[in-house]
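Novice: My questions are about this predicted structure, shown below with the sequence.
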Amino acid sequence: MTEALLKHPRLISLEGGEGAGKTSALIAIRDLLQSHGHEAVLTREPGGTPLAERIRELLLSPHEEALAPETELLLMFAARAQHVREVIRPALQRGAFVVSDRFTDSSYAYQADGRGLDRALVEELERKVVGLKPGLTLLLDLDVREGRARANGRDLWPDRIESEQDDFFERVREGFRRRASAEPERFRVIDASRSPVEVGAAVSAAVARWLENQA
């Protein structure tokens with residue numbers, strides 16, 4: 001795969017911490033894109049293909065053996081490589097929009113900022129394994145404690161990463177915010193403390209403005 005990092009205008013990613021409401025935002029984006037006559041492919045990371053979903057299980061299921069941060073990072077990129085090759089690139093090539101619940105920004109936030117791994121390693125994997133960057137990234141920003149309270153209220157057993165402590169998620173949040181500040185032309189920061197309806201409206205408005213600017 002080429003090492004050139006292509007920012008693709010039809011690749012949109014949703015980022016944010018736990019409980020930020022990415023699932024509802026995905027649906028709002030899909031509905032907006034379809035109302036403009038576009039095909040919208042919704043997908044997620046880690047996952048998106050049968051093989052990548054199996055890697056997701058390895059990543060998120062608790063294990064008796066602790067997962068080394070480097071192992072976590074490499075598994076994330078293994079799933080992402082399969083996802084890009086089998087889902088994202090084919091959809092973009094046929095003219096569809098791809099909306100992904102998480103993409104490489106999550107590896108910077110979770111594995112570099114959260115786990116303390118070398119950012120240069122993430123950058124090298126992004127160039128050599130992924131080769132793509134979203135044209136638009138929507139960051140659903142939410143206070144860590146509020147987000148965790150929302151996530152706990154879903155009555156789902158927390159996965160391996162969701163079981164981390166608040167200080168880990170604070171580092172993740174700050175990592176996302178730093179990336180948004182460094183790339184304001186790509187990121188749109190959405191206040192996710194509001195109701196799902198308000199967040200969905202804000203997300204739709206941001207994508208609508210993005211589409212107008214691409215026309």
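Specialist: Alright, I've got the coordinates. Residues are numbered from 1 along each chain as shown.

Novice: Let me know the helix or strand that Leu11 is in.
Specialist: In the assignment (DSSP states H and E), Leu11 maps to strand 6-16.

Novice: Could you pull out the buried residues of the helix or strand that comes right after that strand?
Specialist: Counting by DSSP H and E, the next helix or strand C-terminal to strand 6-16 is helix 22-35. Neighbour-count burial for helix 22-35 flags Lys22, Ser24, Ala25, Leu26, Ala28, Ile29, Arg30, Leu32, Leu33 (criterion: 16 or more other Cβ atoms under 10 Å). Just so you know, the C-beta spots here come from the backbone N, C-alpha and C atoms, and that holds for glycine as well.

Novice: cool, and stretch 198-211?
Specialist: Val199, Gly200, Ala202, Val203, Ser204, Ala206, Val207, Leu211.

Novice: wouldn't Val144 be in contact with Gly17 here?
Specialist: Yes - contact between Val144 and Gly17 holds when scored by Cβ atoms under 8 Å: they sit 6.3 Å apart.

Novice: Would you mind giving the secondary structure of Pro134?
Specialist: Assigned with DSSP: H, G, I helix; E, B strand; the rest coil, Pro134 falls in the strand class.

Novice: burial measure for it, as a count.
Specialist: Pro134 is flanked by 23 other residues according to other Cβ atoms under 10 Å.

Novice: How much space separates it from Leu59?
Specialist: Here the criterion is Cβ to Cβ, to the nearest Å. By it, Pro134 lies 21 Å from Leu59.
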